[in-house]
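Novice: A predicted structure for the sequence below; I have some questions about it.
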Amino acid sequence: MQKDSDFTVKTKYWHGLEDGRVQCDLCPRFCKLKEGQRGLCFVRANQDNQIVLTTYGRSSGFCIDPIEKKPLNHFLPGTPVLSFGTAGCNLACKFCQNWDISKSREIDTLASKASPQTIAEQAKKLNCRSVAYTYNDPVIFHEYAIDVAAACRELGIKSVAVSAGYICDEPRIEFFNAMDAANIDLKAFTEEFYHKLTGAHLQPVLDTLLYLKHETRVWFEITTLLIPGHNDSDAELQEMSEWIMQNLGPDVPLHFSAFHPDWKMLDVPSTPAATLSRAREIAMRTGLRYVYTGNVHDKAGSSSYCHQCGHLLIERDWYELGQWGLDANGCCENCGTYLPGMFEAKAGNWGARRSPVFISDKSA
């Protein structure tokens, strides 16, 4: 990676315009920037008539989380994941629940300085099976995330992208080629919602889901935050579930998560637990086999069951695992049906702990 300074690196997804501006081609926002201007994401800027990433090697902090918190229910259950993000975001969600990081315009937010090699080595030392690029969208720190993933892969550490999937075709290929798993935030299933509440568009996100399913071996799951009165109607939930079933198949896990008032939507009430249960029922009636509820205490809705015989495969109580009904090959111990995902012979025992850690080096 070619660095212009300690934290600034040159990027390749951009082109010059006839009016002297430079267009960023990383995501479908296509920010057109004059010299010195930053894109909506805040971290990519026009410097010397080229797009640079200004936050390479800088993080808003590190924390060891349960992998189920990402949320990923079918990827190394019970194991710890080293999580980090940077600042900024390429969406403008009015309901952002990490707004203090994703909407940050303060360089002080990026308190930790760590090279890709340091992150990988620390993940190994901390016995984390994976590293998650999360808290804000890793698409915008594309170059840094890919370099960290490469360093992790050399040490046998998996990489997890927690993303809204808002990325253009060419950088999408490079980005997900570096990842082992992903959770894609499908924020709603209408263009109106995306346009009014996120400042983005629906189709590029659907394109990312189609790409992951049909052109990669990345394990991925989908999360939809249900916001009362905005994306929780039976009709929209039915349409979304049918699209997933027809285009991605029945085995992609779908998480319905509860909204709480935040950022610029403080006047919207929290999502009732009954709404999540209703959404789960609609999706499962459509044929989706692994549908979960999140951000509420719902043991049944957060546990995994065999779609063939109904046997309890992975019991979850918040982020704590209970009964384990899989054999060493990831199959139902009762009937032998395979549970899609990435599983080890035994579940991890990290539990619900969330442990902030300090990671830094002088070479970042």
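Specialist: Sure, I can see it. Numbers count the residues shown, from 1 in each chain.
Novice: where are the low-confidence patches of the stretch 251-364 of the chain?
Specialist: Residue ranges of the stretch 251-364 of the chain with pLDDT under 70: 362-364.
Novice: please repeat the previous calculation with a cut-off of 50.
Specialist: The model of the stretch 251-364 of the chain has pLDDT under 50 over residues 363-364.
Novice: which residue ranges of it form helices?
Specialist: Assigned helices in the stretch 251-364 of the chain, in chain order: 273-286, 299-302 (criterion: DSSP state H, counting those that start in this stretch).
Novice: please report the distance of the closest residue to Glu35 other than its chain neighbours from Gly36.
Specialist: Spatial nearest neighbour of Glu35, excluding adjacent residues (C-beta to C-beta, 6 or more residues apart in numbering): Asn46 at 5.5 Å. For glycine as for every other residue, the C-beta is placed from the backbone atoms N, C-alpha and C. According to C-beta to C-beta, to the nearest Å, Asn46 stands 7 Å off from Gly36.
Novice: so for the two, which residue has more residues nearby?
Specialist: In terms of neighbours (other C-beta atoms under 10 Å), Asn46 is the more surrounded of Asn46 and Gly36; the figures are 24 against 9.
Novice: tell me the confidence at the more buried one?
Specialist: With respect to pLDDT, Asn46 has a value of 98.
Novice: check contacts around it.
Specialist: Each residue near Asn46 by C-beta atoms under 8 Å, 6 or more residues apart in numbering is listed here: 21-22, 33-38, 52.
Novice: for Asp185, same thing?
Specialist: Taking C-beta under 8 Å, 6+ apart, one finds 162-165, 222-225 in contact with Asp185.
Novice: next, format the contacts of Asn46 as TSV and append distance to Glu242, pLDDT and secondary structure.
Specialist: As requested, these are arranged in TSV below (distance: C-beta to C-beta, whole Å; pLDDT from 0 to 100; DSSP: H, G, I helix; E, B strand; the rest coil):
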residue	distance to Glu242	pLDDT	secondary structure
Arg21	42	98	coil
Val22	41	98	strand
Leu33	40	98	strand
Lys34	44	98	coil
Glu35	48	97	coil
Gly36	47	96	coil
Gln37	42	97	coil
Arg38	40	96	strand
Val52	43	98	strand
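Novice: domains of this protein?
Specialist: 9-53, 59-290+339-357 (automatic domain parsing).
Novice: neighbours of Ala150, just the number please.
Specialist: Neighbours of Ala150 (other C-beta under 10 Å): 14.
Novice: point me to the helix or strand that includes Leu237.
Specialist: helix 234-247 (DSSP states H and E).
Novice: and Asn183, what element?
Specialist: Per DSSP H and E: strand 181-185 holds Asn183.
Novice: pull out the buried positions in the very next helix or strand once past that strand.
Specialist: Sequence order places helix 191-193 as the next helix or strand after strand 181-185, per DSSP H and E. Under the neighbour-count criterion of 16 or more other C-beta atoms under 10 Å, helix 191-193 has Phe193 buried.
Novice: can we start the residue count at 38 from this point?
Specialist: Okay, residue one is now 38; in that scheme the one you just asked about reads as helix 228-230.
Novice: for the helix or strand just after helix 228-230, C-alpha coordinates in PDB please.
Specialist: Using DSSP H and E, the helix or strand that follows helix 228-230 in sequence is helix 240-252. Output in PDB follows, covering the C-alpha atoms of helix 240-252 (Å, rounded to 0.1, in the frame of the first residue of the first chain):
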ATOM      1  CA  GLN A 240     -30.700  -1.900  -5.800                       C
ATOM      2  CA  PRO A 241     -26.900  -1.800  -5.100                       C
ATOM      3  CA  VAL A 242     -27.500  -3.600  -1.800                       C
ATOM      4  CA  LEU A 243     -29.500  -6.300  -3.600                       C
ATOM      5  CA  ASP A 244     -26.700  -6.500  -6.100                       C
ATOM      6  CA  THR A 245     -24.200  -7.200  -3.300                       C
ATOM      7  CA  LEU A 246     -26.400  -9.900  -1.900                       C
ATOM      8  CA  LEU A 247     -26.700 -11.600  -5.300                       C
ATOM      9  CA  TYR A 248     -22.900 -11.300  -5.800                       C
ATOM     10  CA  LEU A 249     -22.200 -12.900  -2.400                       C
ATOM     11  CA  LYS A 250     -24.600 -15.800  -3.000                       C
ATOM     12  CA  HIS A 251     -23.800 -16.600  -6.600                       C
ATOM     13  CA  GLU A 252     -20.100 -15.500  -7.100                       C
END
